[in-house]
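Novice: quick one, structure for this:
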Amino acid sequence: MRRLLIPLMILALGVAAFVGLRVTRPEPATVTPQERSWRVETLTVTLADRVPVLPLYGEITAPERVTVTAPLTARVAERPVREGQRVAVGDLLVALDDADTGPPVARAEARVADLEAQIAAERIRHERDQAALVRERELLDNARRQLERNRSLVARNLASQADLDEARDALARARVTVNAREGSIAEHPARLKRLEAGLAEAQAGLAEARRDAQRARVEAPFDGIVTGIAAAPGERVGEGAELLSVYPRQGLELRATIPRAYQAELAAALAAGQRLVARGEGARFVLAGLAGESEPAGVEAILRLEGESAGLRPGSLVDVRLERPVAEDTLAVPASALYGDDVLYLMDGDGRMRRLTVTRRGQVPGPDGESWVLVAGEALADGQRVITTHLPNAVQGLKVERDTGGEGA
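Specialist: Predicted structure coming up:
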């Protein structure tokens, strides 16, 4: 009995100790769950009329470039310019040898003089034929009267038949002479016209020879830069061979493709007389027009360089930003503020994200040197705060707090 009582007492003491410890244990503190807040940078909305820009990439061209070609086969006598040299209007560019340009002119002048002499001789001949015709007609009349007298004498047996035949022959010869003279006079206009046509052709040939001789000495038509030299002094060149080129210092153009989405807008601005400027590479361009033909990627814009070339040369590839027509009531935001193409998030008064749909209106240079996106929307208003920090988990109502250290204006 005593051996059974001892285990029961031990068990009772253990239970009592467990109950005592459970009753006297400390109560755990109550944990209240808190919502997480995301730190973001914001930008205060200030709507204004802004000028969007369109990035373009194109090639510099020289539409007024002049290529000098040889007007005839000749030797190059002078070429005092070199590649890339600046020249002033009137400076000698190239000259061909006078020994090659002179003979064609002399031959053409001789041909003209010969035909002029033939025409003068034809006119004298015509005057002579007219005077001779008068005399020959008198002889014809005399032969006719002589024939009649011989007929009368033969009828009275006062002349022989031989005399009558001789009179007939004399009349026939007189008629042949008159007919030949009249034919020569009738052919005079045709002969004169043929000679005059030949003279006109010869005079045209003389004009061409003189023109070629004049073009054999080429001077700069404007202040420009020499390029494309293809002939050296002493070299013999063929007719039509390119000798060199020169382009003006002013008047260079930039040709760049404009996407189809902007074609109608820029065409309307040009039609309205708006002056659209493009800047880049330290140069300033003005949109002068659009090309007459289009390509699958868009239409080519023609931008004229203002002022000197600023180191640009034809063939240079240039990156510029073209100012588009003014966009009213717009806001410029960094690309990080946009979700997709048309979604911004505002920070409301309760520190939560509010979704806002906007419309892209183009790009503008940002204060950080990068391109910012120009947006507009009916719900945008001055004083709102746009969240510019891009959150991967951005949703409507997400709790955020402003990072004042990176606060935008």
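
Novice: walk me through the domains of this protein.
Specialist: 38-49+328-406, 54-63+251-323, 67-97+216-247, 99-214 (automatic domain parsing).

Novice: mind putting these in TSV, distance to residue 13 and mean neighbour count included?
Specialist: Backbone N, C-alpha and C define where each C-beta goes, glycine included. As requested, the domains of the chain are arranged in TSV below (distance: least, Cβ to Cβ, whole Å; neighbours: other Cβ atoms under 10 Å):
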stretch	distance to residue 13	mean neighbour count
domain 38-49+328-406	55	16
domain 54-63+251-323	89	16
domain 67-97+216-247	112	17
domain 99-214	136	15
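
Novice: for these, which one sits closest to residue 14?
Specialist: domain 38-49+328-406 (52.0 Å; Cβ to Cβ).

Novice: tell me the average confidence for the closest one?
Specialist: If you average the pLDDT over domain 38-49+328-406, you get 88.

Novice: for residue 175, give me the pLDDT.
Specialist: So, for residue 175, pLDDT stands at 89.

Novice: ditto for residue 409
Specialist: So, for residue 409, pLDDT stands at 41.

Novice: how about residue 291, what does it touch?
Specialist: By Cβ atoms under 8 Å, 6 or more residues apart in numbering, the residues touching residue 291 are 255, 299-302.

Novice: switch the cut-off to 6 Å
Specialist: Counting by Cβ atoms under 6 Å, 6 or more residues apart in numbering, residue 291 touches 299-300.

Novice: for residue 195, see how far away it is.
Specialist: Using Cβ to Cβ, to the nearest Å, residue 291 is found at 53 Å from residue 195.

Novice: quick revisit: between the domains of the chain, which gets nearest to residue 24?
Specialist: Among the domains of the chain, the nearest to residue 24 by Cβ to Cβ is domain 38-49+328-406 (41.7 Å).

Novice: low pLDDT regions in this structure?
Specialist: 1-6, 8, 18-21, 23, 25-34, 309-310, 405-409 (pLDDT under 70).

Novice: for it, what spans make up the helices?
Specialist: Counting by DSSP state H, the chain has helices at residues 2-24, 98-155, 161-215, 260-271.

Novice: can you say which of these is nearest to residue 240?
Specialist: Comparing the helices of the chain by Cβ to Cβ, helix 161-215 comes nearest, at 11.3 Å.

Novice: show me what the closest one is packed up against.
Specialist: When contacts are defined as 3 or more Cβ pairs under 6 Å, 6 or more residues apart in numbering; DSSP states H and E, helix 161-215 packs onto helix 98-155.

Novice: run the chain-centre distance for the helix it packs on.
Specialist: How far helix 98-155 lies from its chain's middle: 63 Å, per Cα atoms, centre = their mean, to the nearest Å.

Novice: what's it packed up against?
Specialist: By 3+ Cβ pairs under 6 Å, 6+ apart, helix 98-155 packs against helix 161-215.

Novice: helix 98-155 and the helix it packs on, what's the angle between them?
Specialist: 170 degrees (axes from the mean of the first three to the mean of the last three Cα atoms, to 10 degrees).

Novice: follow-up on the earlier one: could the helices of the chain go into JSON lines alongside distance to residue 39?
Specialist: Output for the helices of the chain, formatted as JSON lines (distance: least, Cβ to Cβ, whole Å):
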{"stretch": "helix 2-24", "distance to residue 39": "45"}
{"stretch": "helix 98-155", "distance to residue 39": "84"}
{"stretch": "helix 161-215", "distance to residue 39": "77"}
{"stretch": "helix 260-271", "distance to residue 39": "37"}
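
Novice: of those, which is nearest residue 49?
Specialist: Once those are compared by Cβ to Cβ, helix 260-271 is nearest, at 15.1 Å.

Novice: name the residues that touch the closest one?
Specialist: Contact with helix 260-271 is made by 54, 298-299, 325, as judged by Cβ under 6 Å, 6+ apart.

Novice: return the member of those residues nearest to residue 65.
Specialist: Residue 65 has its nearest neighbour among the contacts of helix 260-271 in residue 299, at 23.0 Å by Cβ to Cβ.

Novice: how close does the closest residue to residue 286 other than its chain neighbours get to residue 284?
Specialist: Among residues not flanking residue 286 along the chain, residue 304 sits closest, at 5.4 Å (Cβ to Cβ, 6 or more residues apart in numbering). To residue 284, residue 304 is 10 Å away according to Cβ to Cβ.

Novice: one more: residue 146?
Specialist: Taken as Cβ to Cβ, the span from residue 146 to residue 284 is 103 Å.

Novice: equivalent analysis for residue 260, please.
Specialist: In terms of Cβ to Cβ, residue 260 sits 26 Å off from residue 284.

Novice: before we move on, back to that, and the residue nearest to residue 286, what is it in contact with?
Specialist: 253, 286, 288.

Novice: do residue 353 as well
Specialist: 345, 398, 400.

Novice: okay, and which of those map to strands?
Specialist: Under the assignment DSSP state E, those contribute 345, 400 to strands.

Novice: how close does the residue nearest to residue 87 when sequence neighbours are not counted get to residue 357?
Specialist: Leaving aside its chain neighbours, residue 87 sits nearest to residue 220 (4.4 Å; criterion: Cβ to Cβ, 6+ apart). Counting by Cβ to Cβ, the gap from residue 220 to residue 357 is 61 Å.
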